[in-house]
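> Test case, fold it:
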Amino acid sequence: MKDTYTIPAQTCVGHVNLKVADLSRSLNFYCSLLGFDLISKYGNDVAFISAGGYHHHIALNTWNSKNAKPANIRSPGLSHVAILYPTRGDLATIYQRLITNDYPMTGVADHGVSESLYLSDPDENGVELYWDRPRSEWPIDKKGMIKRFSKPLDVSNLLKEI
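As a prediction, this is how the structure comes out:
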């Protein structure tokens, strides 16, 4: 690049579009289990889901993936989609819901800046459910850099939020 550019601080990722093999199976996961709202659906090929009435946070489509096998984990591509919960209590509630429904998790972690639950959707797309600690609590080193880490999440402490 010939010059420098800084993206505006208020910029955020607006939505993700996931290729899925079975739309109804994916809607069951994202809507029935995780609690997203179905905003619109076009036949059996695409659905738009969101939280809070937004036009869509996640699009699910089968255009090039209907009945396909999951992507090879060793191939380039999206590692996971991260869903940010507003409060620690909200994260605790979804954690309890996953446990109650015997939904398998691939991990749980305390990253210092956030606490995270990791799982896979029915198409083996990675999903991170997390909440951010207040910025004033983020671990910062002497140079002013964020010191992220991965430690085991104290889930019994998390559940006290419910």
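> So residue 102 belongs to a helix, correct?
No. Counting by DSSP: H, G, I helix; E, B strand; the rest coil, one finds residue 102 to be coil, located in no helix.
> tell me the pLDDT at it?
Residue 102 carries a pLDDT value of 98.
> Okay, it and residue 109: tell me how far apart.
Remark: distance between residue 102 and residue 109 (CB to CB, to the nearest Å) = 21 Å. Quick note: C-beta positions are derived from backbone N, CA and C, even for glycine.
> Looking at these two, which one has more neighbours?
residue 109 (17 against 6; other CB atoms under 10 Å).
> Which strand residues bridge that one?
Residue 109 forms beta bridges with residue 116, as assigned by DSSP bridges.
> swap in residue 46?
Beta-bridge partners, per DSSP bridges, of residue 46: residue 42, residue 61.
> can you pull the contacts of it?
Going by CB atoms under 8 Å, 6 or more residues apart in numbering, residue 46 touches 23, 59, 60, 61, 62, 63.
> Which among those count as buried?
Buried members of these, scored by 16 or more other CB atoms under 10 Å, are 23, 59, 60, 61, 62.
> Now do the strands in the protein.
For the chain, the strands defined by DSSP state E occupy 16-19, 37-42, 46-50, 58-61, 80-84, 107-110, 114-120, 126-132.
> Dump the ones you listed into CSV; add mean pLDDT and distance to residue 27 as well.
Compiled in CSV, the strands of the chain are given as follows (pLDDT from 0 to 100; distance: least, CB to CB, whole Å):
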stretch, mean pLDDT, distance to residue 27
strand 16-19, 96, 12
strand 37-42, 97, 7
strand 46-50, 98, 6
strand 58-61, 98, 7
strand 80-84, 96, 16
strand 107-110, 98, 25
strand 114-120, 98, 16
strand 126-132, 98, 14
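> quick one, which of those strands is nearest to residue 158?
Closest to residue 158 of the strands of the chain is strand 114-120 (CB to CB; 6.7 Å).
> Having no further points to raise, I will conclude here.
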